[in-house]
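Enquirer: Quick one, structure for this:
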Amino acid sequence: MSSINSLMSSYQREMKNIGEIIGTTSPNKIIKESKIYAIDGVTRHNISPMLIDRFIFCDRWDEFYLSQNMLSLDEINSFPYDAKLTEWINLRKENWDHVPPKSIGDSLCSIFSFNPYELEEIYLDWSECREEPTIWHCLQSDYYKYNNLEEFFIEISKI
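Expert: Next up, the predicted model:
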């Protein structure tokens, strides 16, 4: 079991222990897609090893963290599929030019997760040309940056 898979499993168990209902795992799932789309709908980036493990772990993960819905690969690749999500991204671009997506551009940014009830999204930042994308958690006017998905899950597991 990879470290990211282990972190997600631990996090999922912790959330279930406090009564949260979250996504079900799918350990035998095969990821057929090797690319993930940016929010420009044209640019495609290689799916990193941690992201592959995340999508194998489960498809869509509803209310995984602070009412956020972690999107399935199909949902990410079919953006914009949700009017509320599109509204949140446009608001983010209009008002916060120092964080993704505005700070890096639509071709280097993928949506990863969002809260359907309030302005809060998680983005994948492909601008540093590393194997693993940077994770940006944008919450209202606050934002948090993580080097990769593993670092993000370590941090949210502390809460």
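Enquirer: any idea where the strands of the chain begin and end?
Expert: Assigned by DSSP state E, the strands in the chain fall at 35-37, 44-46, 61-65, 68-70, 109-114, 120-125, 134-139, 142-146.
Enquirer: so how far is the first one from its chain's centroid?
Expert: In terms of CA atoms, centre = their mean, to the nearest Å, the centre of strand 35-37 is found 13 Å from the chain centre.
Enquirer: Tell me which strands it pairs with, and in which orientation.
Expert: According to DSSP bridges, strand 35-37 forms sheet pairs with strand 44-46 (antiparallel).
Enquirer: Check the average confidence over the partner strand, would you?
Expert: Strand 44-46 comes out with an average pLDDT of 96.
Enquirer: Residue ranges in this protein under the pLDDT threshold?
Expert: For the chain, applying pLDDT under 70 flags the ranges 1-2, 4, 11, 13-29, 159.
Enquirer: picking that back up, in a markdown table, list the strands of the chain along with distance to residue 81 and mean neighbour count.
Expert: C-betas here are computed from N, CA, C, even on glycine. Rendered in a markdown table, the data for these read as follows (distance: least, CB to CB, whole Å; neighbours: other CB atoms under 10 Å):
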| stretch | distance to residue 81 | mean neighbour count |
| --- | --- | --- |
| strand 35-37 | 11 | 17 |
| strand 44-46 | 17 | 15 |
| strand 61-65 | 15 | 19 |
| strand 68-70 | 12 | 21 |
| strand 109-114 | 10 | 24 |
| strand 120-125 | 14 | 24 |
| strand 134-139 | 19 | 21 |
| strand 142-146 | 24 | 15 |
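Enquirer: okay if I get the ones you listed as JSON lines plus distance to residue 84?
Expert: Formatted as JSON lines, the strands of the chain follow (distance: least, CB to CB, whole Å):
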{"stretch": "strand 35-37", "distance to residue 84": "19"}
{"stretch": "strand 44-46", "distance to residue 84": "24"}
{"stretch": "strand 61-65", "distance to residue 84": "14"}
{"stretch": "strand 68-70", "distance to residue 84": "10"}
{"stretch": "strand 109-114", "distance to residue 84": "8"}
{"stretch": "strand 120-125", "distance to residue 84": "11"}
{"stretch": "strand 134-139", "distance to residue 84": "15"}
{"stretch": "strand 142-146", "distance to residue 84": "20"}
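Enquirer: neighbours around the nearest residue to residue 97 once chain neighbours are set aside, how many?
Expert: Using CB to CB, 6 or more residues apart in numbering and skipping residues adjacent in sequence, the residue nearest residue 97 is residue 103, 6.4 Å away. The number of residues packed around residue 103, counting by other CB atoms under 10 Å, is 16.
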